[in-house]
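Visitor: next come a sequence and a model predicted from it.
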Amino acid sequence: MKQTNPVQLPEQSRSDSLSLNRRSLLKSSLLGAAGLAFGGLASRDLRAASLPYSPDYGPLSLKADETTGLYLLALPDGFRYQSFGWTGDTMSDGIVTPGSHDGMGVVAAKGNTVTMIRNHEVRGVGDPFTRLAYDPRTSGGNTTLTFDTYQGKWLDSYAALSGTSTNCAGGPTPWGSWLTCEETTLGPETEAGVKTHGWVFEVPAFGRPSAEPLKGLGRFVHEAVAVDPVTSVVYETEDRGTSGFYRFIPDTHGRLQEGGKLQMLKVVGEDQADLAAGYPNDTTWQVEWVDIDNPEKAHEDGTTNSLGVYSQGRAKGGARFERGEGCWYDSGYVYFVSTSGGDAGQGQIFEYDPRSETLRLVFESPAADVLNSPDNIAVSPRGGIVLCEDGSRPKQLLHGLTRDGQIFPFAENNVILAGEKNGFSGNYTGREWCGATFHNQWLFVNIQTPGITFAITGPWDNGAL
């Protein structure tokens, strides 16, 4: 059964209107851009190379890590950083930091102290790294980090939840928790003796997680989520070649464990639209949503009611994306990434407006040298966009998007080690950025391998970010 905009949305508050005005100003400046317009090009045939660096922040150069003294990142002048929470570091609770750092979000702030929860995308069967575990046979999970923004100092870290699998991304909630997503459908169907995986778990900023999955959000190859603070609706991406874009409407505001309804996005008047195909930037679709009748069904076994979550939505006309990844809520809009979408297969960024039920193609990468497989996405407090790259460059980039619509490298991975830290040796410059999240003047971000978390600060107000 199709359901168009079943969520009752209140009138916009004054603060929300101000946020939307900021977005409108940003969009109007982008529409006049001569380069790569953020939603402003009339045709995808209009191409321009990405800027070699931000015209405001300036070119990148190697900067020393204030923690280790190693030259791990290239940044514009005036920016500095500290590393923390390397794989193998002993945390405050005596547990060794697990590897495969991935999605991360700021989930609480008390005074000058911010609390983050970080995913560890550890795959397959293994031992949990903490006693609080969902499945005793899997070793993915989360760690919690704290940082003093006034002193510019990392404080501590400790284990939060384990016994999950392939914790890729997720998203913060407005009520002070982290939704961690499993990018797998590992389970007894594929591995004897393990519990079902492919769920979303809620990890609070403070206190003990329940270690029980939020099954109403579906069992599929999850990537990231974004939560609307007004409605508590959770928007979800799916990281597989044929993927949907979903929303979960909770029965009770802010209490996802009490259940709700899972739905998949559909283009009005077009069954099974292929939105991974190439389109001009600023293409807009009117959308609606179709119900997922069995959100806990992940594997298609040929029996009665055998369709998995994606196939259920697709059978009702749901739209197809290609590798849905990063997802972020900002100022009334939900932004999400299709990593392999578009003519060039190098990525698309979409904007969903729940008030008008419209979807807009913000930007489609015309070539790998412009933007090479964007993954996680974050919006800064100043309205700029950060894109984490997970592509094929020899040195992976963290991109920024300027207010006049030009894309530029903001940071470059220069992690080359010879045993200086925790015995790591090798060239890691081609490893992905992930987990970007802002708090005021600080950007926190990970490099997945060998597993490092960074806190970056500098003259943000001089440019787009």
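Guide: Here it is on my side, so go on.
Visitor: so Y71: helix, strand or coil?
Guide: Counting by DSSP: H, G, I helix; E, B strand; the rest coil, the backbone at Y71 sits in coil.
Visitor: roughly how far does it sit from D65?
Guide: Using Cβ to Cβ, to the nearest Å, Y71 is found at 7 Å from D65. For every residue, glycine as well, the C-beta is placed using N, CA and C.
Visitor: the more surrounded of those two?
Guide: D65 (19 against 14; other Cβ atoms under 10 Å).
Visitor: I figured the more buried one hits A74, correct?
Guide: No. If you go by Cβ atoms under 8 Å, D65 and A74 don't touch, sitting 11.9 Å apart.
Visitor: beta-bridge partners for D148, please?
Guide: T113, K153 (DSSP bridges).
Visitor: state the number of residues packed around it.
Guide: 13.
Visitor: now do it against K63, distance only.
Guide: According to Cβ to Cβ, D148 and K63 sit 21 Å apart.
Visitor: what sits closest to E258 if chain neighbours are left out?
Guide: In this structure, E258 finds its nearest non-sequential neighbour in T252, 4.6 Å apart by Cβ to Cβ, 6 or more residues apart in numbering.
Visitor: wait, I meant P98
Guide: Counting by Cβ to Cβ, 6+ apart, the residue nearest P98 is H120, at 4.4 Å.
Visitor: for the stretch 51-200 of the chain, which segments count as strands?
Guide: 60-63, 73-76, 80-84, 101-110, 113-120, 140-148, 153-164, 167-172, 177-182, 200-204 (DSSP state E, counting those that start in this stretch).
Visitor: now the ones you listed in CSV, with distance to A224 and mean pLDDT?
Guide: What follows is those, written out as CSV (distance: least, Cβ to Cβ, whole Å; pLDDT from 0 to 100):
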stretch, distance to A224, mean pLDDT
strand 60-63, 27, 98
strand 73-76, 24, 98
strand 80-84, 23, 98
strand 101-110, 7, 97
strand 113-120, 10, 98
strand 140-148, 14, 98
strand 153-164, 15, 98
strand 167-172, 4, 98
strand 177-182, 6, 98
strand 200-204, 10, 98
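Visitor: which secondary structure element contains the nearest residue to T283 once chain neighbours are set aside?
Guide: The shortest distance from T283 to any residue other than its chain neighbours is 4.6 Å, reached at L361 (Cβ to Cβ, 6+ apart). Using DSSP states H and E, L361 maps to strand 358-364.
Visitor: pull out the buried positions in that strand.
Guide: For strand 358-364, the neighbour count (16 or more other Cβ atoms under 10 Å) marks 359-364 as buried.
Visitor: again with stretch 387-399
Guide: 387-391, 393, 395-399.
Visitor: with respect to S139, which of these is nearest?
Guide: Of all the buried residues of stretch 387-399, D390 has the smallest distance to S139: 22.1 Å, by Cβ to Cβ.
Visitor: isn't the closest one up against A436?
Guide: No. Using Cβ under 8 Å, D390 is not in contact with A436; the gap is 11.9 Å.
Visitor: between these two, which contacts overlap?
Guide: Common neighbours of D390 and A436 are not found (criterion: Cβ atoms under 8 Å, 6 or more residues apart in numbering).
Visitor: I'd say R314 and Q272 touch.
Guide: Yes. Using Cβ under 8 Å, R314 is in contact with Q272, at 6.1 Å.
Visitor: between the two, who's got more neighbours?
Guide: Set R314 next to Q272 and count neighbours by other Cβ under 10 Å: R314 wins out with 20 against 14.
Visitor: how about the more buried one, what does it touch?
Guide: R314 neighbours (Cβ under 8 Å, 6+ apart): 242, 244, 264, 272, 320.
Visitor: can you list the buried residues in the helix or strand that contains it?
Guide: Per DSSP H and E: R314 is located in helix 309-315. By 16+ other Cβ under 10 Å, the buried positions in helix 309-315 come out as 309-310, 312-314.
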